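Peer 1: Here's my sequence, what's the structure:
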Amino acid sequence: MISTSNFRKGMKLALDGELYIIVDFLNQKMARGKAKMWTKFKNLKTGQVIERTFSSGETFDDPDFKEHSMQYLYNDDEMFHFMDSKSYEQYALTVDQVGDYKWYLQENAEYKILFFEGAPISINMPPAIILEVVEAEPGVKGDSVSNLTKNAVVETGLQLKVPLFIKVGEKIKIDTSEGKYLERVN
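Peer 2: Next comes the predicted model:
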């Protein structure tokens, strides 16, 4: 059983027969009466965001989630194809199920795919990923108007702001939740 006191950002939950991920939550303590838990959910199938308020201590059933490590193969503009390295079974996720994580997918890399009742529903992306810079503007010293960053493109096509010292061919660590530069990797 999952209680409202266990809520965390990124936690997955089955609610009213639908699958949701907790985007945000706030515990509101009242002067009198029970505390309330305000929660913002995102539907894993449709992407719809809803807000709900629960009484403190309310419980929910554990959803039947399973996680499998799978190899990313390719995408065909409509579906992203993955293969189980042990059984060689192939599964496909829609563009909506993958969402913005499409910018972090590298062919032949392993990712954790979340299954619900035997069907793949989403990717559990690591908090940070390392990608190679393939295109970067030249850095101009003394250009402090732009906050000492420049535009760059990584191998997957993601465009982001990086510090002036980053050059083409270098590997950088990127935060997958916000798509921001974290650090240079040797």
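Peer 1: need the contact list for the most far-flung residue of the chain relative to its centre.
Peer 2: Largest separation from the mean C-alpha position in the chain: residue 32, at 38.1 Å (Cα atoms, centre = their mean). Taking Cβ atoms under 8 Å, 6 or more residues apart in numbering, we find residue 32 in contact with no residue. No exception for glycine: its C-beta is placed from N, CA and C like everyone else's.
Peer 1: give me the number of residues near residue 121?
Peer 2: 17 (other Cβ atoms under 10 Å).
Peer 1: where are the low-confidence patches of this protein?
Peer 2: Under the criterion pLDDT under 70, the flagged ranges of the chain are 140-147.
Peer 1: how does it divide into domains?
Peer 2: Structural domains assigned to the chain are 2-60, 67-124, 128-185, following automatic domain parsing.
Peer 1: Could you check how far the residue farthest from the centre of the chain is from residue 57?
Peer 2: 16 Å (Cβ to Cβ, to the nearest Å).
Peer 1: any idea what sits nearest residue 108, other than its immediate chain neighbours?
Peer 2: With Cβ to Cβ, 6 or more residues apart in numbering as the criterion, residue 108 has its nearest non-adjacent residue at 6.1 Å, and that residue is residue 71.
Peer 1: what sits opposite that neighbour in the beta ladder?
Peer 2: Under DSSP bridges, the beta-bridge partners of residue 71 are residue 83, residue 110.
Peer 1: Burial check on it, number of neighbours?
Peer 2: Here the count is done by other Cβ under 10 Å, and residue 71 has 16 residues near it.
Peer 1: I'd assumed residue 81 was in contact with it.
Peer 2: No. With contact defined as Cβ atoms under 8 Å, residue 71 does not reach residue 81; the gap is 9.7 Å.
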